[in-house]
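# Show me the folded form of this:
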Amino acid sequence: MNCYDYLAFIVINLLMLNSIPGACQSKPKSNGFELQYQDTIDANQMLYNGKPWRNMFPLIKENQFLFSKEFLPGSVTIRGKTFSDVRIKYDIFTDEIIIPFTPAGMLQVNKQMVDSFSLIFQNKNYHFIKIPEGNVVFPGGYYNVLYKGRTTLYARYSKKIEKLADREEFDKFYQINSIYIIHEGEVFYIPGRNDLFRILNVQKKEVRQFMKENNLKFSNEDPGSFIPFLRFIDDLKE
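A predicted model of the protein is given here:
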């Protein structure tokens, strides 16, 4: 955190504490009402323990967010405590979640403290967990949990910048979806569907017949498209 971010962080927390009744008391009173205020202050400090977010790419076409550049309804779980009714933007270029906060405008939530979060987009709930750093096969970061059965399906979303200056155009963001599964206790990266067939040890002919009969296709562009296939495999093995 640079000096600007550190000073801004101190100012934000001071303003937040001063805006809540009872925040300047040295000790909470035994009165239940006052203790409730103190609990609220502590909880808010957990949620707002971050740094101001600034758009570092104002000239890049498109945007760096998942689903929408607008805030989406959701929730955040920090160290076991869930904050509901939180508006969230998920910056998948930096793999950080952003929440609105006055007077800074937007705040980047402290990723080290986050356990998981959820977003609602087009009436569908997306649940993300944080995978710790240190696993070579399963890089640390936020993953969308798409399916949990005999095999667990995860999607990791990211964006990169396509350089277009040589074509006298503005650079632009483009999205990449990476698929991972946990099968029989092991983590596998799935570049394509043939890799999934191989790892799950299924007959391509049988699967293709199922997909054809149900008019189904799946690809990394739509990670949710893998779900009917995994359900089918689970049913076969019951």
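# And the helices in the protein?
Per DSSP state H, the chain carries helices over the ranges 3-18, 32-47, 193-200, 204-213, 227-236.
# what ranges of the chain fall below the confidence cut-off?
1-43, 103-104, 165, 168, 236-238 (pLDDT under 70).
# Quick check: Thr77 vs Phe117, distance?
7 Å (C-beta to C-beta, to the nearest Å). Glycine gets a C-beta too; all of them are placed from N, C-alpha and C.
# which of those two has more neighbours?
Phe117 (24 against 18; other C-beta atoms under 10 Å).
# Who are the contact partners of the residue lying closest to that one once chain neighbours are set aside?
In space, and not counting its chain neighbours, Phe117 is closest to Val76: 4.5 Å by C-beta to C-beta, 6 or more residues apart in numbering. With contact set as C-beta atoms under 8 Å, 6 or more residues apart in numbering, Val76 has these partners: Leu47, Thr82, Phe83, Val86, Ile88, Ile97, Ile99, Val109, Val114, Ser116, Phe117.
# give me the beta-bridge partners of the fifth one?
Meaning Ile88. Listed by DSSP bridges, the beta-bridge partners for Ile88 are Leu72.
# Was I right to think it contacts Ser116?
No: Ile88 lies out of contact with Ser116 (C-beta atoms under 8 Å); the separation is 12.0 Å.
# So these two - more neighbours on which side?
Between Ile88 and Ser116, counted using other C-beta under 10 Å, Ile88 has the larger neighbour count: 22 against 16.
# residues in contact with the more buried one?
Phe71, Leu72, Pro73, Gly74, Val76, Ile97, Ile98, Ile99, Phe117, Leu119.
# So in terms of bridging, what pairs with the residue nearest to Phe117?
Residues in beta-bridge contact with Val76 (DSSP bridges): Phe83, Phe117.
# Can you give me the distance of it to Gln112?
13 Å.
# same thing with Ile97?
From Ile97 to Gln112 the distance is 12 Å (C-beta to C-beta).
# More neighbours: these two, which one.
Taking other C-beta under 10 Å, Ile97 and Gln112 do not tie; Ile97 has more neighbours (27 against 10).
# what's across from that one in the sheet?
Beta-bridge partners of Ile97, as defined by DSSP bridges: Tyr90.
# Surely it is in contact with Met106?
No: counting by C-beta under 8 Å, Ile97 stays clear of Met106, with 10.6 Å between them.
# which residues sit in contact with Leu119?
By C-beta under 8 Å, 6+ apart, the neighbours of Leu119 are Leu66, Phe67, Leu72, Pro73, Gly74, Ile88, Tyr90, Asn125, Tyr126, Phe128.
# Bridged to the last one, which residues?
Just to be clear, that refers to Phe128. Phe117, Asn144.
# That one reaches Gly141, doesn't it?
No: using C-beta under 8 Å as the test, Phe128 is too far from Gly141 to be in contact (9.4 Å).
# Mind picking the one among the contacts of Ile88 that's closest to His183?
Nearest to His183 among the contacts of Ile88: Phe117, at 25.4 Å, using C-beta to C-beta.
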